[in-house]
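In: what follows is a protein structure lacking sequence information:
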DNA sequence: AGTACCACCTGACGGC
DNA sequence: TGCCGTCAGGTGGTAC
């Protein structure tokens, strides 16, 4: 699930709790998301402390903790963040809970346990340590063009490379390229300025609209590729047929008619 | 530098 | 019904 739009939805959900919000107690139901962070360190960092502000960089959500430091949430493939009342039933696969002073609870749910939690001092050092590129929505057209021209290899790989651009994954890279009518394997460096401009425009449009619709696939336009990710499905533009190919072991969907090989 | 492949996890689905 | 392979919106390590 979680690419930039999903994580932005989680961020807004956390903001809507009403910050600052005091953490009454941390409850870890499954250690595996903590990785090298101990329960004790997490509890010490959060118990009795207030969450004061949220930031998002790419697919990472960072929450400032009063005093110092930030809590980092990464959602892997199946992670999500919920804010629930005390009497709400705990969803399956809930891994960590932050019980707040007002009696409500933030729940980190992650079926496949590929997400993780971490602590860091500040956003900039976290971004540097983890070699993350600029956030996808912060990139200007000129910056994106320069970045694409500096790469060897295909444009989809470039869009998905978190060290180049942070926030775009398999689903939304397919959508951006479908909307921009660019073949996923088009040579990034060989794309002319007009084409790069189209990718930039669609990158912003796709991600922003997805955020507006709360990254809910059922609320996204039927004309998008996203609801038609099936080999042989009719292209939602009406002409071609959606095809599936492999790239680095992942399924890539595109329309050969709309997105011809250059 | 880019790409392929495996590993980390769990669950859903289709075929037999 | 049960078993098995495959696949899933991510990422890190490794090898070419």
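Out: Alright, I've got the coordinates. It should be emphasised that the depicted structure is a prediction, and the values quoted were computed from it without experimental measurement.

In: do you know how far residue A:60 is from DNA strand C?
Out: Distance of residue A:60 to DNA strand C, given as C-beta to the nearest atom of the strand, to the nearest Å: 7 Å. Where C-beta positions appear, they are placed from N, C-alpha and C, glycine not excepted.

In: not counting its neighbours along the chain, what's nearest that residue?
Out: Distances taken as C-beta to C-beta, 6 or more residues apart in numbering put residue A:74 closest to residue A:60, at 5.5 Å, once the chain neighbours are dropped.

In: report the beta-bridge partners for the one you found.
Out: With DSSP bridges applied, residue A:74 shows beta-bridge pairing to residue A:60, residue A:116.

In: quick check: nearest residue in space to the residue of the stretch 151-262 of chain A found nearest DNA strand C, chain neighbours excluded?
Out: Proximity of the stretch 151-262 of chain A to DNA strand C (C-beta to the nearest atom of the strand) peaks at residue A:169, 2.0 Å away. Of all residues beyond its chain neighbours, the one nearest residue A:169 is residue A:3 (4.0 Å), with distances taken as C-beta to C-beta, 6+ apart.

In: quick check, that neighbour in contact with residue A:59.
Out: Yes - counting by C-beta atoms under 8 Å, residue A:3 touches residue A:59, with 6.2 Å between them.

In: and the helices in chain A?
Out: A:4-15, A:39-46, A:123-129, A:141-149, A:155-160, A:170-180, A:193-212 (DSSP state H).

In: how far off centre is the third one?
Out: The reference is to helix A:123-129. Relative to the centre of its chain, helix A:123-129 is centred 17 Å away, using C-alpha atoms, centre = their mean, to the nearest Å.

In: then the second one?
Out: Distance of helix A:39-46 from its chain centroid, counting by C-alpha atoms, centre = their mean, is 26 Å.

In: go on, the first one?
Out: Between the mean C-alpha location of helix A:4-15 and the chain-wide mean there is a distance of 9 Å, by C-alpha atoms, centre = their mean.

In: now do the last one
Out: Here the centre of helix A:193-212 is set off from its chain's centre by 16 Å, with C-alpha atoms, centre = their mean.
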